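>>> Requesting a structural model of the entry that follows:
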Amino acid sequence: MTTQTSSSSPSAPAFRYAAVTFDCADPAELARFYGELLGMAVLYSTDDFVLLGKEGATGLGFNRLADYRPPTWPDPAQEKQAHIELGVDDLDIAEKRLLDLGATKPGFQPGEDRWRVLLDPAGHPFCITTLV
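Numbers count the residues shown, from 1 in each chain. Have a look, this model is predicted:
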């Protein structure tokens, strides 16, 4: 069986994964943290939004939310809804660098020997892992 394509039908649009955007109170500060961490430059910036990226790579966006309330992980009062996993070669060295950049480390660590949960300056949980 063969399938014919009609030249009059519109072609399907092409999609590509462009960025993930995080809500926060201070987009410039959160962009500074992740930009320094991941070596990404500011591609676009306003008072309320900053987009980081590299040529040909997926970006990270940071959007000002007037009533931003950070996640309270691991307390379920204000659940996290997503988080970034960052692969590292050495958990201890990576953790120190992230803390120096402004991350914080919550007391609860569900898998500290294989991954660490940290909080970015806006309170979003993210993980560093040697599994990736």
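>>> in which helix or strand would I find the residue nearest to residue 49 when sequence neighbours are not counted?
Counting by Cβ to Cβ, 6 or more residues apart in numbering, residue 63 is the residue found nearest to residue 49 once chain neighbours are left out, at 5.3 Å. (Each C-beta comes from the backbone N, C-alpha and C, glycine too.) Counting by DSSP states H and E, the secondary-structure element that holds residue 63 is strand 59-64.
>>> And that strand, how far out from the chain middle?
Using Cα atoms, centre = their mean, to the nearest Å, we find the averaged C-alpha position of strand 59-64 to lie 8 Å away from the chain's own average C-alpha position.
>>> tell me the average confidence for it?
The average of the pLDDT scores along strand 59-64 is 94.
>>> Give the buried residues for the helix or strand following it.
Going down the chain from strand 59-64, the next helix or strand is strand 84-87, by DSSP H and E. Judged by neighbour count (16 or more other Cβ atoms under 10 Å), strand 84-87 contains these buried residues: 84, 86.
>>> so what does strand 84-87 touch, helix or strand wise?
Under the contact definition 3 or more Cβ pairs under 8 Å, 6 or more residues apart in numbering; DSSP states H and E, strand 84-87 sits against strand 125-129.
>>> What is the strand it packs on packed up against?
By 3+ Cβ pairs under 8 Å, 6+ apart, strand 125-129 packs against strand 84-87, helix 91-101, strand 115-119.
>>> distance between the lowest-mean-pLDDT helix or strand in the chain and the chain's centre?
The helix or strand of the chain with the poorest confidence is strand 84-87; it has a mean of 86 (mean pLDDT, DSSP states H and E). On the basis of Cα atoms, centre = their mean, the separation between the geometric centre of strand 84-87 and that of its chain is 8 Å.
>>> what residues are up against the residue nearest the centre of the chain?
For the chain, the residue lying nearest the average C-alpha position, counting by Cα atoms, centre = their mean, turns out to be residue 84 (4.9 Å). Neighbouring residues of residue 84 by Cβ atoms under 8 Å, 6 or more residues apart in numbering: 20, 124, 126, 127.
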